[in-house]
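Peer 1: Fold the following for me, if possible:
(one chain, ligands or ions: 2)
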Amino acid sequence: MIDKVNIMSSLNDFFVKGGIHEFPIFCIARQGGRTAVEILARAVIMEGKHAYIGQNLTGLRSMGANSIVIRFAQSEDIPPGFNVTNPEGALFMHEMFIRNAPGSSGMSQLTPGAVVGRLNSGFLMVCTSKAPEELDYPVPFEGTVATVDAEAIFTKRVNLQPAPSGITALGLFVAATGDLVSLDAVKEAILAHDRLSKKVREVNVLCLMDAFDQAKVAHNLKLPGRPVEKAKATTRFSLKPDGELHLMTQSMSARWRTKLPICDMSKCTCKECFSAYSCPEGAISWTDGVIHFDYNFCKSCGTCAQECVFSTITMGDVDQAMQIEEEKGSAS
Ligand code: SF4
Ligand code: SF4
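Peer 2: Ligands and ions are numbered 1, 2, ... in the order given. As a prediction, the model looks like this:
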């Protein structure tokens with residue numbers, strides 16, 4: 001019997017003791033989410049804190065959903081990496097990101113579904129025209145739920161599609177989280193962000209203030225969750241020319257690969273798979289102590305096999321791998 005190592009619980013303790021605030025943030029491409037998170041980091045630094053930004057820009061995710069995590073704290077001892085360890089809440093800059101939840105425990109990958117699957121409390125912030133009570137959130141949630149129609153606010157001032165409403169969404173973040181960062185610091189950070197023209201910075205300050213004023217914030221709200229179909233480990237979005245997001249069911253690379261990862265679970269040594277966090281496609285999940293590969297998105301790079309220090313993952317025959325994964329599915 002292997003004595004399993006609980007790396008996740010030590011990491012969680014580290015976050016709590018270090019007073020580290022962690023927020024995953026999801027946006028669609030061209031929405032300006034990355035710039036917004038840089039501005040948020042600049043604002044917390046202006047207030048005397050330290051900040052770290054991790055972004056998952058690899059593979060198909062860079063085409064549809066940009067997944068970013070920001071951590072900030074008084075101490076400069078902030079763990080790096082684009083996994084999600086101890087989120088205080090999450091900001092979804094498009095409502096579509098909250099429709100799916102594969103479920104996850106411990107640390108999760110920086111994908112919308114994995115974060116939704118574990119976010120049951122804290123701050124749930126969604127850019128939508130709906131009120132907090134009307135959100136169709138897939139898992140039960142209790143805490144602060146906040147919404148704002150950031151796209152409508154931005155397009156009222158500048159008619160662009162898709163609306164670059166990422167910075168506008170920071171008004172929702174400030175309204176929901178209260179004293180974590182001040183509105184004045186975010187305004188100042190926007191005006192100091194000289195990668196944007198002066199005119200764009202000024203428009204964004206106005207949009208930020210509108211979003212702050214128009215944000216609907218409900219504290220101690222209980223959302224019931226809804227029964228969901230057993231979801232895939234990963235969800236991908238593609239942005240079509242009409243500006244709409246569409247769910248993708250398979251990656252292009254699935255058509256040409258010749259090997260797939262297979263795990264011999266009898267040799268696994270971790271309480272939750274650590275090598276999963278190195279997968280550039282977010283194709284590995286861990287549910288109830290069982291590793292799952294989403295072969296619709298695995299591109300056969302072999303990184304997971306390289307990263308597992310106990311060599312329990314090997315790259316094997318495609319048909320054999322598919323069969324093993326199918327058997328796991330039918331057993332659960
Ligand atoms: S595959 Fe490797 S890293 Fe993942 S749980 Fe097993 S031993 Fe740990
Ligand atoms: S081989 Fe492993 S690391 Fe590479 S995409 Fe597939 S599951 Fe992810």
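Peer 1: The stretch 201-332 of the chain: helices as residue ranges?
Peer 2: In the stretch 201-332 of the chain, the helices defined using DSSP state H, counting those that start in this stretch lie at 303-307, 318-331.
Peer 1: which stretch in the ones you listed has the least confidence?
Peer 2: Of all the helices of the stretch 201-332 of the chain, mean pLDDT reaches its minimum on helix 318-331 (a mean of 78).
Peer 1: list the buried ones in that helix?
Peer 2: Of the residues in helix 318-331, 321, 324-325, 328 count as buried by neighbour count, 16 or more other C-beta atoms under 10 Å. C-beta coordinates here come from the backbone N, C-alpha and C atoms, glycine included.
Peer 1: What of stretch 199-212?
Peer 2: 200-201, 203-205, 207-212.
Peer 1: want to throw the residues you listed into TSV with distance to ligand 1?
Peer 2: Output for the buried residues of stretch 199-212, formatted as TSV (distance: C-beta to the nearest ligand atom, whole Å):
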residue	distance to ligand 1
Val200	45
Arg201	45
Val203	47
Asn204	43
Val205	46
Cys207	44
Leu208	42
Met209	47
Asp210	46
Ala211	41
Phe212	43
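Peer 1: Can you add pLDDT and distance to ligand 2 and give these back as TSV?
Peer 2: Listed next are these as TSV, based on pLDDT from 0 to 100; distance: C-beta to the nearest ligand atom, whole Å:
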residue	pLDDT	distance to ligand 2
Val200	95	37
Arg201	96	39
Val203	97	40
Asn204	97	37
Val205	98	41
Cys207	98	38
Leu208	98	38
Met209	98	43
Asp210	98	41
Ala211	98	37
Phe212	98	40
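Peer 1: now for those residues, which pair is the farthest apart?
Peer 2: Of all pairs drawn from these, the greatest distance, 18.6 Å, lies between Val200 and Phe212 (C-beta to C-beta).
Peer 1: Show me which residues of this structure sit near ligand 1.
Peer 2: Neighbours of ligand 1 within the chain, by C-beta under 6 Å from any ligand atom: 263, 268-270, 273-275, 308, 310, 312-313.
Peer 1: from the residues you listed, which are also near ligand 2?
Peer 2: Applying C-beta under 6 Å from any ligand atom to the residues of the chain next to ligand 1, none is adjacent to ligand 2.
Peer 1: So which of those are in strands?
Peer 2: 263, 313 (DSSP state E).
Peer 1: Could you turn the buried ones of the residues of the chain next to ligand 1 into a ChimeraX selection?
Peer 2: Burial among the residues of the chain next to ligand 1 is assessed by 16+ other C-beta under 10 Å; the matching ChimeraX selection reads:
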select :263,268,270,273,274,275,308,312,313
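Peer 1: Return the residues of the stretch 201-332 of the chain in contact with ligand 2.
Peer 2: Within the stretch 201-332 of the chain, the residues that sit near ligand 2 (C-beta under 6 Å from any ligand atom) are 261, 279, 281, 283-284, 293, 298-304.
Peer 1: quick one: least confident of those residues?
Peer 2: Among those, Glu281 has the weakest pLDDT, 75.
Peer 1: so of the residues of the stretch 201-332 of the chain next to ligand 2, which ones are in strands?
Peer 2: Per DSSP E, the subset of these in strands is 261, 284, 293.
Peer 1: Give me the buried subset of the residues you listed.
Peer 2: Neighbour-count burial (16+ other C-beta under 10 Å) applied to these gives 261, 284, 293.
Peer 1: Tell me where the model's unsure across the stretch 1-150 of the chain.
Peer 2: Residues of the stretch 1-150 of the chain that meet the criterion pLDDT under 70 lie in 1-5, 7, 57-65, 101-109.
Peer 1: go again using 80 as the cut-off
Peer 2: Counting by pLDDT under 80, the stretch 1-150 of the chain has low-confidence residues at 1-11, 29-30, 56-65, 82-83, 100-111, 113-114.
Peer 1: the strands in it, which residues?
Peer 2: 21-28, 50-56, 65-73, 83-84, 89-92, 108-109, 121-127, 141-148 (DSSP state E, counting those that start in this stretch).
Peer 1: tell me the most buried of the ones you listed?
Peer 2: Among the strands of the stretch 1-150 of the chain, ranked by average contacts under mean count of other C-beta atoms under 10 Å, first place goes to strand 108-109 (a mean of 27).
Peer 1: what's the closest of the ones in strands among the residues of the stretch 201-332 of the chain next to ligand 2 to Gln31?
Peer 2: Ile284 (27.1 Å).
Peer 1: Return the set of residues that bridge with the closest one.
Peer 2: Ile284 has these beta-bridge partners by DSSP bridges: Phe293.
Peer 1: right, and it touches Ile291 too?
Peer 2: Yes. Assessed by C-beta atoms under 8 Å, Ile284 is found in contact with Ile291 at 6.5 Å.
Peer 1: Give me the common contacts of these two.
Peer 2: 273, 276 (C-beta atoms under 8 Å, 6 or more residues apart in numbering).
Peer 1: First-to-last residue distance for stretch 87-100?
Peer 2: 18 Å (C-alpha to C-alpha, to the nearest Å).
Peer 1: and if you look at stretch 192-199?
Peer 2: Terminal residues of stretch 192-199 lie 12 Å apart, using C-alpha to C-alpha.
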